[in-house]
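Novice: sequence? don't have it. structure:
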């Protein structure tokens, strides 16, 4: 049984992937902060109380029926975009609020750290169980 | 890896803001560059523009410097009859650079630059945390 099949690890992995995706969107928001007509995006938090979360789940990719096809990137996010965030447009025309984005980056980083620490601790639990400590 | 993509996106922001800073520096440095002879125009203020580019490899919108445009507003006129570029009435055209506006723009560029740096720092720490799992 691979480690990734243990529920806690698969949940933590999904969470870490979510933080990774979110960091990318936040970086996009910040780097485009001075662009007129730019609308910031954010991810909605993943839910774990529903049916089993699909860790690294199958994303819907376009089929390649001929070797000449350019592979459509399957990196389309598997997470939902958060569509009900605050949204205000500065006089410069951009909808990015730098303070808000900085807050989100910091929160994202801290939550990620919590997830990785939990992951390491869970690994430690398994090590304890097999008697290597 | 997505974290490296985050860093690349933020780096595009750094490049764009640095380019904007360069244009601002050009404006400030040339704030008093008058014409050599009467009848010719002095330095005209430049305005940096930004452009969103879709980066296919990163699968994200990165920011880049667009074409630098010139400010069509009027030149400042100063009464200096002894100046080589003075017209028949004794007025000299000075560049349409307002140092107050340039300073404000500079602060804005600086703030955006720092925000991008902040993202890079946070991403870097997240990568570090991932590597820490290996050492647990």
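Specialist: Structure's in. What do you need? Just so we're clear, the structure is a prediction, and the values are computed from it rather than from any experiment.

Novice: wait, doesn't residue A:40 sit right on residue A:90?
Specialist: No. In this structure, residue A:40 is not within contact of residue A:90 by CB atoms under 8 Å, at 11.3 Å. In this view, the C-beta of every residue, glycine as well, is placed from N, C-alpha and C.

Novice: ok, the two, which is more surrounded?
Specialist: Using other CB atoms under 10 Å in any protein chain shown, the more surrounded residue of residue A:40 and residue A:90 is residue A:40, with 21 against 13.

Novice: any idea which element that one lies in?
Specialist: For residue A:40, there is no helix or strand it lies in under DSSP states H and E.

Novice: what sits closest to it if chain neighbours are left out?
Specialist: Sequence neighbours aside, residue A:29 is the residue nearest to residue A:40 in space, at 4.2 Å (criterion: CB to CB, 6 or more residues apart in numbering or on different chains).

Novice: report the secondary structure state of that neighbour.
Specialist: Under DSSP: H, G, I helix; E, B strand; the rest coil, residue A:29 falls in the helix class.

Novice: how about the contacts made by it?
Specialist: Applying CB atoms under 8 Å, 6 or more residues apart in numbering or on different chains, we find residue A:29 in contact with A:38, A:40, A:41, A:42, A:96, A:101.

Novice: top of those residues by neighbour count?
Specialist: Ranked by the number of neighbours (other CB under 10 Å), the contacts of residue A:29 place residue A:96 first, at 24 neighbours.

Novice: just the pLDDT at residue A:4, thanks.
Specialist: pLDDT recorded at residue A:4 is 77.

Novice: now it: how far from residue A:92?
Specialist: 45 Å (CB to CB, to the nearest Å).

Novice: what residues are up against residue B:116?
Specialist: Per CB under 8 Å, 6+ apart, neighbours of residue B:116: A:30, A:31, B:10, B:11, B:13, B:14, B:17.

Novice: secondary structure element for residue 124?
Specialist: With no chain named, the answer covers chain A. In the assignment (DSSP H and E), residue A:124 maps to helix A:98-129.

Novice: should've been chain B
Specialist: helix B:99-135.
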